[in-house]
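Peer 1: pasting the sequence and the predicted coordinates here, then a few questions.
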Amino acid sequence: MDFVKMHGLGNDFIVVEGPYAPDPDGVVDWCRRRTGIGADGVLVATLLSSKRVSMRHWNADGTEAEICGNGLRCVARYAYDRDWVDSAEFIVETAVGDHPVRMTGEDVVAYVGRPAPFRTGTLTIAGHEVHPFAIGNPHAVLFVDDVETAPVLELGPTIENDPLFPNRTNVEFVELLEGGGIRVRVWERGVGETRASGTGATASAYIAHTIRDVASPMDVHLPGGVLRVWFDEEGAWMEGGAEYAFAGSVD
């Protein structure tokens, strides 16, 4: 099977053309860094019409996720560069709905979704105040003084697997920046710490905007780079890159 390796701010994916549903064990094998292709996940992009493509996303542990923000931008570029669509504006269909996208030079503008709480109120987990929120998939956001020294590797899996989240959750550690914007590290459900997360950046931005009055639009600084996130009456939007690493084939 032919594949393309792509990434959004270092959050990397094996992209294959559908329709296709990979075996979960095969996903795990492909995503292994030392013995496989190596990736945070697998994306399957399928042409539906000249104005619409679909996306499915599997995490590196073989579990299928509802949506992936960086993956959304990668699938958009993949489809556009293959002339599947007849315009720079089209729809990427996901398990949680339709997502309009627009190609803008090297970047992709994408509709992420409508933020919504999936639990009521703020939670306390392992002594930390956590804000649960969903943007297509579940997130748990907590504010820290400094993301560089935050206990991401210890606290991330603890929160991800807390019984309060029966389907597990992504975890974001958020530092407020002087003059606006935020800095974020992400512990991704089924993957571990990643260089970036589109939905994680969006959830973090929304919590910072609504709870700490950080202005929208805002720059979200991640280890892999910067995403621009903003909100309007339709929901949340982001703008950022989607890049190719290499292509190949695999059994």
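Peer 2: Great, that's in hand.

Peer 1: which stretches of the stretch 151-251 of the chain form helices?
Peer 2: Here the stretch 151-251 of the chain has its helices, by DSSP state H, counting those that start in this stretch, at 152-160, 198-212.

Peer 1: tell me which residues of the longest one are tucked away?
Peer 2: Spelled out, that is helix 198-212. Residues 198-209 are the ones in helix 198-212 that count as buried (16 or more other CB atoms under 10 Å). Where you see a C-beta, it was placed from the backbone N, CA and C, and this is true even at glycine.

Peer 1: the first one too?
Peer 2: For helix 152-160, the neighbour count (16+ other CB under 10 Å) marks 152, 155-157, 159-160 as buried.

Peer 1: give me the number of residues near residue 226?
Peer 2: The number of residues packed near residue 226 is 17, by other CB atoms under 10 Å.

Peer 1: list the contacts of it.
Peer 2: Contact partners of residue 226, counting by CB atoms under 8 Å, 6 or more residues apart in numbering, are 9, 219-220, 240.

Peer 1: in the sheet, who's paired with it?
Peer 2: residue 221 (DSSP bridges).

Peer 1: just the terminal-to-terminal distance for stretch 81-95.
Peer 2: Start-to-end span of stretch 81-95 (CA to CA, to the nearest Å) is 23 Å.

Peer 1: run the chain-centre distance for it.
Peer 2: Here stretch 81-95 is found 18 Å from its chain centre; the criterion is CA atoms, centre = their mean, to the nearest Å.

Peer 1: who touches it?
Peer 2: 47-48, 50-57, 64, 66-67, 72, 75-76, 79-80, 98-104, 110, 136.

Peer 1: buried sites along it?
Peer 2: For stretch 81-95, by 16+ other CB under 10 Å, it's 84-85, 90-94.

Peer 1: could those go into CSV alongside secondary structure?
Peer 2: Formatted as CSV, these follow (DSSP: H, G, I helix; E, B strand; the rest coil):
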residue, secondary structure
84, coil
85, coil
90, strand
91, strand
92, strand
93, strand
94, strand
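
Peer 1: going by distance to residue 4, which of those wins?
Peer 2: Closest approach to residue 4 among the buried residues of stretch 81-95 (CB to CB): residue 84, at 13.5 Å.

Peer 1: for residue 95, see how far away the closest one is.
Peer 2: 20 Å (CB to CB, to the nearest Å).

Peer 1: what does residue 22 give?
Peer 2: Between residue 22 and residue 95 the computed distance is 15 Å (CB to CB).

Peer 1: please apply the same query to residue 63.
Peer 2: Distance from residue 63 to residue 95, by CB to CB: 13 Å.

Peer 1: thinking again about what came up before, please identify which of the buried residues of helix 198-212 is nearest to residue 124.
Peer 2: Set against residue 124, the nearest of these by CB to CB is residue 207 (15.8 Å).

Peer 1: now do the contacts for the closest one.
Peer 2: Residue 207 neighbours (CB under 8 Å, 6+ apart): 131, 133, 141, 174.

Peer 1: tell me which of those fall in helices.
Peer 2: Members of these lying in helices (criterion: DSSP state H): none.
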